[in-house]
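S.K.: predicted model follows, preceded by the sequence.
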Amino acid sequence: MHVKLLDDRVVERAKARGLDVLVYAPHFSRLPDIRARAREHTDDDLLVVPAREVFTGPWHDRKHVLAVGLSDPVPDFITLDAAIAECDRQGAAVLVPHPDLLSVSLGLDDVRRFRERIDGVERYNAKCLPWQNEAMGRVVRETSMPAFGSSYAHLHSTVGEAWTAFETSIDDESALVRALRTGAPRRVMRRSGVGHRLRGVAEFTHLGHENTWGKVDRLLLSGMEPTHPDHIAYRGRFDDVSVYRR
C-alpha cells in the first residue's frame, strides 16, 4: 500500500514476496483506467485494489491524499478540504502518504486538523530516507493515528520492500476499506539490510524525474491531462474548488 506501476513483473514480484494485496495508485491516471488495470492483474493469488493518490493544492505546495474505495473520479489540484470532503461523500478511506516529506505532504498540523476524517498515516515508506521515515514515525506517535507502511514502488525492484500486515483477511476492496476505516489491528513491516537500503536510495533518486519542470508544464499548462480538474471528464463538477482556475 501502495505501488505506482503495475504489470506482470510487479505481480510476479509481489507473489514472490508473499503479498496478498496490492493497492495500485499511479500518478495522473483516472479512476476508471486504474480500475480496469487492477482487474486485469487480479487473480486467485493476488488482489489488486484501485486507488487514487490525489494531488491537492498547487504544484509548488501540493499535499498528497491516498483515497482507497472511491466510486467516482476525483481530479488532482483541488483544495485539500474539497478532496477530503469528496472522499467522505463516497465512503472512501482517507490515508496520509509520506507525512512531512518535502513540499508534497500533509504535515503534523494538517493531520491534527483533519484527524477525525483521516483513517491512517504512513509510518514507513521504502522510497524515503531514514531520517524522513523517522519524521513520519513522529507524526504517527504524536497523533496516535493508525499506521500503515508501503513500498511506494515506482520501480519494480521496490515491490515488497515494505508492507502492512492486517490481522483480518482482506478478500476484496470493501474489506480493505473497512479495515482501514475501523482502525483494524495491523503491523507495519519492512525488509532490512544493504539491499533494502540500496533499493530505497534508487527509489528516492527517482523523485528528480517526478519533479521536473517539463513534467509540470506538460501536466498543468496543457489543461488536458486526465486528472486535471478542467478535463471534460469531470463535467465542471470541481470548477469551484480547483486551484488552477481559468
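M.R.: Yes, it's here. Numbers count the residues shown, from 1 in each chain.

S.K.: show me where this protein has its helices.
M.R.: For the chain, the helices defined by DSSP state H occupy 8-16, 31-40, 80-90, 108-113, 130-143, 173-181, 194-205, 207-210, 213-216.

S.K.: which strands and helices sit next to the third one?
M.R.: Judged by 3 or more Cβ pairs under 8 Å, 6 or more residues apart in numbering; DSSP states H and E, helix 80-90 is in contact with strand 47-56, strand 63-68, strand 93-96. Just so you know, the C-beta spots here come from the backbone N, C-alpha and C atoms, and that holds for glycine as well.

S.K.: cool, the fourth one as well?
M.R.: In terms of contacts (3+ Cβ pairs under 8 Å, 6+ apart), helix 108-113 is packed against helix 130-143.

S.K.: distance from the helix it packs on to the middle of the chain?
M.R.: Mean-position distance between helix 130-143 and its chain equals 17 Å (Cα atoms, centre = their mean, to the nearest Å).

S.K.: now do the buried residues in that helix.
M.R.: By neighbour count on 16 or more other Cβ atoms under 10 Å, the buried set for helix 130-143 is Gln132, Asn133, Ala135, Met136, Gly137, Val139, Val140, Thr143.

S.K.: in the chain, which helix or strand is least confident?
M.R.: Least confident helix or strand of the chain, by mean pLDDT, DSSP states H and E, is helix 213-216 with a mean of 50.

S.K.: thinking again about what came up before, any chance of the helices and strands packed on helix 80-90 in CSV, plus mean neighbour count?
M.R.: What follows is the helices and strands packed on helix 80-90, written out as CSV (neighbours: other Cβ atoms under 10 Å):
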stretch, mean neighbour count
strand 47-56, 24
strand 63-68, 24
strand 93-96, 24
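
S.K.: reformat those strands as CSV; add distance to Ser103 and mean pLDDT.
M.R.: Shown next, in CSV, are the helices and strands packed on helix 80-90 (distance: least, Cβ to Cβ, whole Å; pLDDT from 0 to 100):
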stretch, distance to Ser103, mean pLDDT
strand 47-56, 12, 97
strand 63-68, 9, 97
strand 93-96, 15, 98
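
S.K.: redo those as CSV? Include distance to Ile84.
M.R.: Converted to CSV, the helices and strands packed on helix 80-90 look like this (distance: least, Cβ to Cβ, whole Å):
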stretch, distance to Ile84
strand 47-56, 8
strand 63-68, 7
strand 93-96, 6
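
S.K.: among the ones you listed, which is nearest Val111?
M.R.: strand 93-96 (6.0 Å; Cβ to Cβ).

S.K.: which other residues reach that closest one?
M.R.: 1, 64-69, 84, 87-88, 105-106, 110-111, 114, 117-122, 139, 145, 148, 176-177, 180-181 (Cβ atoms under 8 Å, 6 or more residues apart in numbering).
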